[in-house]
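>>> A predicted structure for the sequence below; I have some questions about it.
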Amino acid sequence: MSRVASGLIVAAACFNLAFAIFHLFFWRLFRWQQELSRLNMANRGIMQVLNLCLIYVFASTAALLFLFPIEVAGTELGRFLLAAMTGFWLLRAILQPMFFRLQHPFSKTLFGLFILGTTIHGLAWWVVDDL
């Protein structure tokens, strides 16, 4: 595996791990104790369950990329994982202005990060696909 491919896979792993950690702080960052209490029980539960599931997906993806970089780079399954995560981050970037507008600096920053995630995963897919 080339240094570029290895570096991009590690960067993708770090990116997903960072978002897993970021999502752990949603309760405090968005004051969910107070804010979610305004929702009915089902919607309050859905928000928290979806967030916990995203944490799991991001952490699992990061673990796969950290622990099995050779398999990621050298198998169709690994390349599919990179392509799927490219699609995930691209979809997340597309949805950002649709649901959160790009007026607040935090929203703009997140949009940029989602584009970065798309780029990292896409480049990793591209580079390992050429091996």
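Done, it's in. Numbering: from 1, shown residues only.

>>> in the biggest helix by length in the chain, what counts as buried?
Criterion DSSP state H: the longest helix present in the chain is helix 41-67. For helix 41-67, a neighbour-count test (16 or more other Cβ atoms under 10 Å) marks 47, 51, 54-55, 57-59, 61-62, 64-66 as buried. Backbone N, C-alpha and C define where each C-beta goes, glycine included.

>>> between those, which is closest to L102?
For those, the closest approach to L102 (Cβ to Cβ) belongs to L54, at 21.5 Å.

>>> Next, name the residue at the spatial heart of the protein.
The residue lying closest to the centre of the chain (Cα atoms, centre = their mean) is N16, at 4.8 Å.

>>> which non-adjacent residue is nearest that residue?
A62 (4.1 Å; Cβ to Cβ, 6 or more residues apart in numbering).

>>> and if you look at L110?
Per Cβ to Cβ, 6+ apart, closest to L110 is Q96, 6.1 Å.

>>> Report pLDDT for the one you found.
The per-residue pLDDT reported for Q96 equals 97.

>>> ok, now how distant is it from H23?
15 Å (Cβ to Cβ, to the nearest Å).

>>> if we can go back for a sec, can you pull the contacts of the residue nearest to the centre of the chain?
Residues in contact with N16 (Cβ atoms under 8 Å, 6 or more residues apart in numbering) are 58-59, 61-62, 65, 85.

>>> Would you mind giving the residues you listed as TSV with pLDDT and distance to S6 added?
Formatted as TSV, those follow (pLDDT from 0 to 100; distance: Cβ to Cβ, whole Å):
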residue	pLDDT	distance to S6
F58	98	21
A59	98	21
T61	98	17
A62	98	15
L65	98	11
M85	98	17
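
>>> biggest separation within those residues, which pair?
A59 and M85 (13.1 Å).

>>> buried ones in whatever helix or strand comes next after the longest helix of the chain?
Next helix or strand after helix 41-67 toward the C-terminus (DSSP states H and E): helix 69-74. Across helix 69-74, burial judged by 16+ other Cβ under 10 Å covers 69, 72-73.

>>> same check, this time on stretch 28-38
Those would be 32, 36, for stretch 28-38 by 16+ other Cβ under 10 Å.
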